[in-house]
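1. Give me a model of this one.
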Amino acid sequence: MAALAPSKLAISPGVKLPASIPTSIPSISLRGFRSRRSFLGSTVRLPAISPIARITESRHPHISAAAASVADAKPTVLVAEKLGEAGLALLREFSNVDCSYNLSQEELCAKISLCDALIVRSGTKVTREVFEAARSRLKVVGRAGVGIDNVDLQAATEHGCLVVNAPTANTIAAAEHGIALLTSMARNVAQADASMKAGKWQRNKYVGVSLVGKTLAVMGFGKVGSEVARRAKGLGMHVVAHDPYAPADRARAIGVELVSFDEAISNSDFISLHMPLTPTTSKIFNDDTFGKMKKGVRIINVARGGVIDEDALVRALDNGTVAQAALDVFTKEPPAADSKLVQHPNVTVTPHLGASTMEAQEGVAIEIAEAVVGALKGELAATAVNAPMVPAEVLSELAPYVILAEKLGRLAVQLVAGGSGIKGVKVVYTSARDPDDLDTRILRAMVTKGIIEPISSVFVNLVNADYTAKQRGLRISEERIFHDGSAEIPLDSIQLHLSNVESKFASAISDSGDIRVEGRVKDGIPHLTLVGSFAVDVSLEGNLILCRQVDQPGMIGRVGNILSEQNVNISFMSVGRTAPKKQAIMAIGVDEEPEKETLKKIGDIPAIEEFVFLKL
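-> Residues are numbered from 1 along each chain as shown. Alright, predicted model coming up:
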């Protein structure tokens, strides 16, 4: 279809750089670096004797020995929470190790200025005050585990401190605990044990259910989810999974069927949760979700407590929709002593024991020690979770395109229909520049970030983007098209293609069969300029409603009236059409998220053939 120029009705206010992208380069001193090493396409500087020390030596030979001594001194690593001995041994080979546990915030701030690295678990808060107290000496913070909610990433970036975690060592332990909860729940092990210790013998009360032939839905088919699936298959269960990023060939190899979210929860006897806690997944298991489940379903959660609305789960347990639940994690930990969920007779609970095996604890200790030592040597690990080190001039020039790349990724992933995992991603840059004069590494990383982060706990940046994409089976390619324009402008447009996927908004499918979106930067502001084969022009900020409609008078007014009745403010509106009185795409920018009923009213307008609401 031929795309005609859009009809633009509004002008965008300015947009700000998102908090995840620094507006300036972290305060990493260039003094004291001389050699370079390439890692995932980025330049890593390795420490050497400071040039200032050399100048001092030439002017004051009598202190040269002291300068050399300082340069050769071992770094100091503060271990603020208990770490396995194997990890400590690795640290001691390279550094001076200070094991000081249970420090208060004041004590931590007092010690940190004498340390080059800090290792914590989940109990120590590494706040902005800690980074300020470090006075730029702290080079790396290691989180012995997966989550980094207790580390202020923005402050770490601003102070030039790398943050690394240990995301893989707990995998088997968490999977085994999930299976333990599954089997003990099915056979009422915990309840029967408590009954016998109370002096009772209640065989008839604790009749269980068999696992053989039952369907288990694995919600989140990452490392832990896939290991749970392997073990459940060994128990004779039929396993289905939902995960938009799960490679189909990996699922087939295990004997697992990938299905949509609704299909997974509505047809399963057991549901095991292995999804991260993100804005998208927060309380995703709620009254509506439980209402779609098979009556008598059983639920296991060894992932994150916040993905379940705990009050809704209690209601589902009381009305029999959910027969039993087995929970290792909770919204608030520890939960209240009088928690209705914890005290419910059909609930089995454990105090966040997913990673609590001797082997897992040793594995985490080794993994985090290796990452911290590598960082102190000047190497960057794929487990780095904060902002990349990008030359200031590159980041300054590409700043609005960085926002555009992430927004296009976020928009595109929301257009994918559930169950059709993303495999191929192509990024097309149109530019008047020679390829050697355009560094697209950060743009590719931000596309990856936009696609992966909305439904993942992974923090994607220049350091780990390619690694993260590969782990999830995403094949990201880049193509450059020469544009006869000014080389002063880095890019004319960025176009994103998702291949071999189904779309929840059919108009986003291009003539080649891919989901296609395109954006440009206009006056420093990212704009969406193409959806499928339809040209639009709308600022990429806030939220977006896309409607495909029959092109006829009054459509803009009808949709606008519905939104205004619900006090939803329209920031932009743009219409692109194939030809007068034929089909058109209306793109509407809104400041607030409309209620479901409001969106339903828009969808009920006879001339509107399809619509989708997108969060940007």
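2. Which positions in whichever helix in the chain runs longest come out as buried?
-> Across the chain, the longest stretch assigned as helix under DSSP state H is helix 392-415. Residues of helix 392-415 classed as buried: 394-395, 397-415 (neighbour count, 16 or more other Cβ atoms under 10 Å). Glycine gets a C-beta too; all of them are placed from N, C-alpha and C.
3. now stretch 251-265
-> Those would be Ala251, Ile254, Val256, Leu258, Val259, Ser260, Phe261, Glu263, Ala264, Ile265, for stretch 251-265 by 16+ other Cβ under 10 Å.
4. Filter the residues you listed down to the ones in strands?
-> Leu258 (DSSP state E).
5. Just give me the closest of the buried residues of stretch 251-265 to Asp338.
-> Ile265 (29.5 Å; Cβ to Cβ).
6. what's near enough to touch the closest residue to the closest one other than its chain neighbours?
-> Excluding the flanking residues, the one nearest Ile265 by Cβ to Cβ, 6 or more residues apart in numbering is Met293, at 5.3 Å. Residues counted as contacts of Met293 (Cβ atoms under 8 Å, 6 or more residues apart in numbering) are Ile265, Ser266, Ser268, Ile271, Ala316, Thr321, Val322.
7. If you count neighbours, what's buried in the helix or strand encompassing the fifth one?
-> Under DSSP states H and E, the secondary-structure element containing Ala316 is helix 310-318. Applying a neighbour-count criterion of 16+ other Cβ under 10 Å, one finds Glu310, Ala312, Leu313, Val314, Ala316, Leu317 buried in helix 310-318.
8. Name the next helix or strand following that helix along the chain.
-> strand 322-327.
9. what's that following strand packed up against?
-> Secondary-structure packing of strand 322-327 (3 or more Cβ pairs under 8 Å, 6 or more residues apart in numbering; DSSP states H and E): helix 171-186, strand 297-301, helix 310-318, strand 347-349.
10. Please identify the buried residues of the helix or strand that the first one is followed by?
-> Towards the C-terminus, the helix or strand next in line after helix 171-186, according to DSSP H and E, is helix 189-197. Residues of helix 189-197 classed as buried under the neighbour-count rule (16+ other Cβ under 10 Å) are Val189, Ala190, Gln191, Ala192, Ser195.
11. what's the answer for stretch 520-540, then?
-> Across stretch 520-540, burial judged by 16+ other Cβ under 10 Å covers 520-521, 525-540.
12. got the CA positions of that stretch in PDB?
-> Only the C-alpha atoms of stretch 520-540 are listed here, as PDB (Å, rounded to 0.1, in the frame of the first residue of the first chain):
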ATOM      1  CA  ARG A 520      12.500  10.000  13.200                       C
ATOM      2  CA  VAL A 521      13.900  12.800  15.400                       C
ATOM      3  CA  LYS A 522      12.300  16.200  14.700                       C
ATOM      4  CA  ASP A 523      13.600  19.200  16.500                       C
ATOM      5  CA  GLY A 524      15.300  16.900  19.000                       C
ATOM      6  CA  ILE A 525      12.000  15.000  19.700                       C
ATOM      7  CA  PRO A 526      11.500  11.300  18.700                       C
ATOM      8  CA  HIS A 527       8.400  10.800  16.500                       C
ATOM      9  CA  LEU A 528       6.600   7.700  15.200                       C
ATOM     10  CA  THR A 529       6.300   8.100  11.400                       C
ATOM     11  CA  LEU A 530       5.300   4.700  10.100                       C
ATOM     12  CA  VAL A 531       3.200   1.800  11.300                       C
ATOM     13  CA  GLY A 532       3.100  -1.100   8.800                       C
ATOM     14  CA  SER A 533       2.400   0.600   5.500                       C
ATOM     15  CA  PHE A 534       0.600   3.600   7.000                       C
ATOM     16  CA  ALA A 535       2.400   7.000   7.500                       C
ATOM     17  CA  VAL A 536       1.600   8.700  10.800                       C
ATOM     18  CA  ASP A 537       3.300  11.500  12.700                       C
ATOM     19  CA  VAL A 538       3.000  11.400  16.500                       C
ATOM     20  CA  SER A 539       5.500  12.200  19.300                       C
ATOM     21  CA  LEU A 540       6.700   9.100  21.200                       C
END
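13. now Ala110: how far from Met446?
-> Distance of Ala110 to Met446, computed by Cβ to Cβ, to the nearest Å: 39 Å.
14. what about these two, which has more around it?
-> When neighbours are counted by other Cβ atoms under 10 Å, Ala110 and Met446 differ, and Met446 comes out ahead with 31 against 12.
15. Secondary structure of that one: a helix, I assume?
-> Yes. Assigned with DSSP: H, G, I helix; E, B strand; the rest coil, Met446 falls within a helix.
16. still on that earlier bit, would you show me how to pick out the buried ones of the contacts of Met293 in ChimeraX?
-> This is the ChimeraX syntax for the buried subset of those, where burial follows 16+ other Cβ under 10 Å:
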select :265,266,268,271,316,321,322
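17. Now tabulate the contacts of Met293 in CSV and tack on distance to Asp492 and pLDDT.
-> Output for the contacts of Met293, formatted as CSV (distance: Cβ to Cβ, whole Å; pLDDT from 0 to 100):
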residue, distance to Asp492, pLDDT
Ile265, 44, 96
Ser266, 46, 96
Ser268, 48, 97
Ile271, 47, 98
Ala316, 53, 98
Thr321, 54, 97
Val322, 54, 98
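18. where does this structure dip in pLDDT?
-> 1-72, 380-381, 387-392, 418-420, 462-463, 578-579, 581 (pLDDT under 70).
19. Could you list the residues in contact with stretch 331-350?
-> Taking Cβ under 8 Å, 6+ apart as the rule, stretch 331-350 contacts 177, 181, 184-185, 189-191, 305-306, 308, 310, 313-314, 317, 322-328, 330, 351-352.
20. Give me the buried positions along it.
-> Neighbour counts using 16+ other Cβ under 10 Å place Thr331, Pro335, Ser339, Lys340, Leu341, His344, Asn346, Val347, Thr348, Val349, Thr350 of stretch 331-350 among the buried residues.
21. For Gly424, name its beta-bridge partners.
-> For Gly424, the beta-bridge partners under DSSP bridges are Arg475, Ser499.
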